[in-house]
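> generate coordinates for the sequence data below:
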Amino acid sequence: MPEGASTFDLAIIGGGPGGYVAAIKAAQLGIKTALVEKDKVGGTCLHQGCIPTKVLLHSADLYLRFLKAHECGITIDNIRINYPQFHRRKEAVVNRLFQGTQFLLKKNGVEVFHGEGQLTPPGNVLIKKNGTDIGKIIAKNVILATGSVPFIPDTILHDGKHVLTSDDILMQEEIPKSIIIAGGGAVGIEFAHLFNVLGTKVTIVELMDDILPAEDKEISATLRKIFNKRGIDTLTNTSLENVIIDNGVQVEIKKKNNTSPPPSEIENKEFVRADLLLLALGRRPALANIGIEKFSLRFKGKYLQTSEVMETVQEGLFAIGDITGPPLLAHKASNEGQVAVSHIAGKEPIPINYQNIPGVTYCFPQVAGMGLTQEEAEKKGYKTKVGKFPLIANSKAIIDGEYEDGFIKIITDEKYGEIVGVHAIGPDAGEFMWGMSLSTILEGTALELTNTIFPHPTLSEAILEAAHAAVDKPIHI
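Here you go, the predicted structure:
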C-alpha cells in the first residue's frame with residue numbers, strides 16, 4: 001500500500017462479478033481504476049455461490065448419467081460417490097477461475113487494494129483492515145458493488161453446524177442422512193436436487209404456494225411433481241416457526257389454512273426432524289460499514305435507488321449489483337457495472353431492460369425463464385397466446401434420454417405476436433435464454449422465430465416448435 005492518499009479516476013468497493021467486471025471495462029476505456037476487496041476478487045459468485053455450487057451439481061448430474069449408462073450399452077460396475085472428491089474438484093475449479101480473475105485485473109492495469117472500503121466525504125475511500133486505517137483513495141467517481149449475504153432470521157440460532165447457510169453447506173464434506181431446506185427458491189432447489197442425488201432424505205419448506213414461486217406456475221408445478229417422484233417432500237404454504245438444536249434439528253412448522261373458520265394454533269403446527277437445516281430464505285444487501293449513512297441516499301425498501309446509469313442521488317456515487325435490488329444475479333451485476341462505467345467514460349449506455357434478464361435454476365431438469373410469466377402478462381393486460389412444445393417429442397432429448405416432463409413455453413401478445421416471455425424446464429434449458437432475451441430486445445415475434453432455421457438434431461429446435469404452436473400448430477406433435 002503506497003503511503004498517503006492514492007488518486008484515481010474511479011474507485012470500486014467490492015470485487016465480485018459487478019465490481020471486477022466494471023473495473024476491467026473501466027481500465028479498457030482508459031479510466032485509472034482502483035478496486036477495493038476485503039476478501040478475494042470474484043466475490044460470492046466465484047467463492048461461495050454460482051461457481052462452487054455448479055461444480056457440485058455437475059458431479060451429481062454426471063453420477064446420474066452413469067447410473068443410466070447401461071441403457072446406452074455401457075456396463076459400469078460398483079458406481080459410488082466420493083463426496084470429498086466433489087469438493088476437491090470444486091476447489092480446483094474455483095482456484096483456477098480466481099487466478100484467472102486476478103490475471104485479468106493485472107493485465108488491464110487495475111490496482112487492487114486488499115481491505116474494507118469505506119466512504120468518507122464524496123470521492124474519498126478509506127481502506128481498513130481489522131478496524132485500522134491502512135490507506136486512502138481519492139477518486140472522481142465511486143462505484144459501490146458490495147453484494148449481498150444470506151438472510152438469517154433473528155429468531156433462528158445459526159450455529160454453522162446443524163443450522164447452515166449456503167456459505168456453510170459448501171464447506172460440509174459429509175453427506176447428511178436427512179436435511180430440511182427452508183426456502184424453495186433457486187438456492188434451496190439446487191441444494192435439494194444435489195442432496196437427493198447423494199441419497200439424503202430432503203424436505204423443502206416453502207412459505208408460498210409452490211416451489212420456485214417466481215417462475216411460471218406451470219413450470220413450478222412440473223418441477224414439484226418431478227421432485228415428489230424422486231422422494232423429495234415439498235411442504236408448500238408452510239412457514240418455519242421455531243428451531244431446536246438437539247443432536248440434529250427439530251423444526252416447528254405451521255401450514256397455512258385457507259379454510260374458514262381456521263383451526264386452532266395447536267392443530268396447525270407440526271414438527272419435522274433432520275440432521276441439518278439449510279436456511280435458503282433469500283439474501284440481504286451488504287450495506288453495513290461502508291459509510292453510506294454519511295450521505296442522504298434514497299432507497300427502494302432495503303435496496304439503494306439509482307438512475308438508469310446506476311448513479312445514486314449523490315453525484316459521482318454509483319451502485320450496482322445486489323445492493324440495487326432484484327434480480328440478485330451475477331450477470332445482472334456485471335451488466336450494471338458496464339452501464340455505470342460507460343456513463344463515467346462519457347458514453348451513452350443503453351438502459352437495462354430488467355424484464356429481459358434471464359434466470360436459471362441448475363437443478364435437473366434445469367429451469368430457465370426470461371420475461372413475463374403467463375400470470376404476469378395477463379395481469380398487465382396482455383391478451384396472451386401461448387405456444388408449448390414437450391421435449392418428449394424432441395429428437396435430441398430422446399437421443400440423450402433426458403426429456404422427463406420437460407417443455408418449452410413461449411408467451412406472446414396475441415395482437416402482434418410479440419414475444420413477452422419464454423420459460424423452459426429441461427436439460428440445459430439455460431443455454432436457450434440468451435437468444436430469447438435478444439429476440440425480445442429486438443421486439444421479435446413468434447412468426448419470425450418460425451422463419452428461423454435451427455440445426456437438427458438439437459434441443460433448441462423445441463423453441464422453433466413452441467413458436468409454431470404460438471402461431472398455429474407445431475410440426476412434430
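> any idea which helix is longest in this structure?
Among all segments of the chain classified by DSSP state H, the helix with the greatest residue count is helix 83-107.
> now it: buried residues?
Residues of helix 83-107 classed as buried by neighbour count (16 or more other Cβ atoms under 10 Å): 86, 87, 90, 93, 94, 98, 101, 102, 104, 105. In this view, the C-beta of every residue, glycine as well, is placed from N, C-alpha and C.
> could you check how many residues crowd around residue 318?
Other residues near residue 318 number 28, with proximity taken as other Cβ atoms under 10 Å.
> that one bridge partners, please.
According to DSSP bridges, the partner residues bridging residue 318 are residue 143, residue 311.
> may I ask you to confirm that it is in contact with residue 308?
No - using Cβ atoms under 8 Å, residue 318 is not in contact with residue 308; the gap is 11.6 Å.
> now the element after the longest helix of the chain, going C-ward?
Towards the C-terminus, the helix or strand next in line after helix 83-107, according to DSSP states H and E, is strand 111-114.
> dump the buried residues of helix 83-107 into CSV; add pLDDT and distance to residue 164 as well.
Shown next, in CSV, are these (pLDDT from 0 to 100; distance: Cβ to Cβ, whole Å):
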residue, pLDDT, distance to residue 164
86, 98, 17
87, 98, 15
90, 98, 16
93, 98, 22
94, 98, 19
98, 98, 23
101, 98, 27
102, 98, 29
104, 98, 32
105, 98, 32
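> distance to residue 284 for the residues you listed - can I get that in JSON lines?
Shown next, in JSON lines, are the buried residues of helix 83-107 (distance: Cβ to Cβ, whole Å):
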{"residue": "86", "distance to residue 284": "29"}
{"residue": "87", "distance to residue 284": "27"}
{"residue": "90", "distance to residue 284": "25"}
{"residue": "93", "distance to residue 284": "27"}
{"residue": "94", "distance to residue 284": "24"}
{"residue": "98", "distance to residue 284": "25"}
{"residue": "101", "distance to residue 284": "25"}
{"residue": "102", "distance to residue 284": "28"}
{"residue": "104", "distance to residue 284": "29"}
{"residue": "105", "distance to residue 284": "27"}
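> with the residues you listed in mind, which one is nearest to residue 34?
Proximity to residue 34 was ranked across the buried residues of helix 83-107 by Cβ to Cβ; first place goes to residue 105, at 10.8 Å.
> isn't that closest one right up against residue 24?
Yes - at 6.6 Å, residue 105 counts as touching residue 24 under the criterion of Cβ under 8 Å.
> can you list contacts of the longest helix of the chain?
Identification of contacts with helix 83-107 by Cβ atoms under 8 Å, 6 or more residues apart in numbering yields 20, 23-24, 35, 40-42, 46-47, 51-52, 55-56, 59-60, 112, 170, 173-175, 198.
> packing partners of whichever strand or helix holds residue 332?
The secondary structure element spanning residue 332 is helix 330-344 (assigned by DSSP H and E). Using 3 or more Cβ pairs under 8 Å, 6 or more residues apart in numbering; DSSP states H and E as the contact criterion, the secondary-structure elements in contact with helix 330-344 are strand 5-13, helix 19-28, strand 132-144.
> do you know which of the ones you listed lies nearest residue 295?
Counting by Cβ to Cβ, residue 295 lies closest to strand 132-144 out of the helices and strands packed on helix 330-344; the figure is 10.6 Å.
> tell me the buried residues in the closest one?
Buried positions in strand 132-144, judged by neighbour count with 16+ other Cβ under 10 Å: 135, 136, 137, 139, 141, 142, 143, 144.
> distance to residue 209 and pLDDT for those - can I get that in TSV?
Shown next, in TSV, are these (distance: Cβ to Cβ, whole Å; pLDDT from 0 to 100):
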residue	distance to residue 209	pLDDT
135	51	92
136	52	95
137	49	96
139	48	97
141	45	97
142	42	98
143	39	98
144	36	98
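> closest to residue 461 out of those?
Proximity of those to residue 461, judged by Cβ to Cβ, is greatest for residue 143, which lies at 41.9 Å.
> what sits against that closest one?
10-13, 19, 22, 310, 318-320, 337, 340-341.
> among these, which one has the most neighbours?
Among the contacts of residue 143, where neighbours are counted by other Cβ under 10 Å, the top count belongs to residue 22, at 36 neighbours.
> and residue 332, what is it in contact with?
Residues 321, 352, 354, 357 are the ones in contact with residue 332 under the rule Cβ under 8 Å, 6+ apart.
> measure the closest residue to residue 50 other than its chain neighbours to residue 167 for me?
What sits nearest to residue 50 in space, not counting adjacent residues and going by Cβ to Cβ, 6 or more residues apart in numbering, is residue 330, at 5.5 Å. In this structure, residue 330 and residue 167 are separated by 16 Å, where distance is defined by Cβ to Cβ, to the nearest Å.
> the more surrounded of the two?
Each of residue 330 and residue 167 has its neighbours counted (other Cβ under 10 Å); residue 330 has more, 21 against 15.
> any idea how many residues pack against residue 189?
For residue 189, the neighbour count with other Cβ under 10 Å is 28.
> which residue is the nearest non-sequential neighbour of residue 42?
What sits nearest to residue 42 in space, not counting adjacent residues and going by Cβ to Cβ, 6+ apart, is residue 101, at 5.0 Å.
> which SS state does the residue nearest to residue 211 when sequence neighbours are not counted fall under?
Residue nearest to residue 211 in three dimensions, not counting chain neighbours: residue 184, with 3.6 Å by Cβ to Cβ, 6+ apart. Following DSSP: H, G, I helix; E, B strand; the rest coil, the label given to residue 184 is coil.
> give me every residue that touches the residue nearest to residue 15 when sequence neighbours are not counted.
Leaving out its chain neighbours, the residue that sits closest to residue 15 by Cβ to Cβ, 6+ apart is residue 37, at 3.4 Å. Contact analysis of residue 37 by Cβ under 8 Å, 6+ apart lists 14, 15, 19, 43, 112, 113, 114.
> check residue 250 too.
Residue 250 sits next to 243, 244, 271, 272, 273 when contact means Cβ under 8 Å, 6+ apart.
> and the third one, how many neighbours does it have?
Residue 271 has 11 neighbouring residues, counting by other Cβ under 10 Å.
> I'd say it and residue 254 touch.
No - at 10.6 Å, residue 271 does not count as touching residue 254 under the criterion of Cβ under 8 Å.
> and the helices in this protein?
19-28, 43-47, 50-67, 83-107, 166-169, 186-197, 217-229, 265-268, 330-344, 374-379, 395-400, 433-441, 446-450, 461-471.
> return the most buried member of the ones you listed.
The highest average neighbour count among the helices of the chain, using mean count of other Cβ atoms under 10 Å, belongs to helix 19-28 at a mean of 26.
> how near is the residue nearest to residue 50 to residue 166?
Residue 330 sits 14 Å away from residue 166, taking Cβ to Cβ as the criterion.
> what of residue 332?
Applying Cβ to Cβ to residue 332 and residue 166 gives a distance of 18 Å.
> kindly report the same for residue 359.
Spatial separation of residue 359 from residue 166 under the definition Cβ to Cβ is 17 Å.
> go on, residue 8?
The gap separating residue 8 from residue 166 is 34 Å, by Cβ to Cβ.
> equivalent analysis for residue 100, please.
When residue 100 is compared with residue 166 (using Cβ to Cβ), they lie 23 Å apart.
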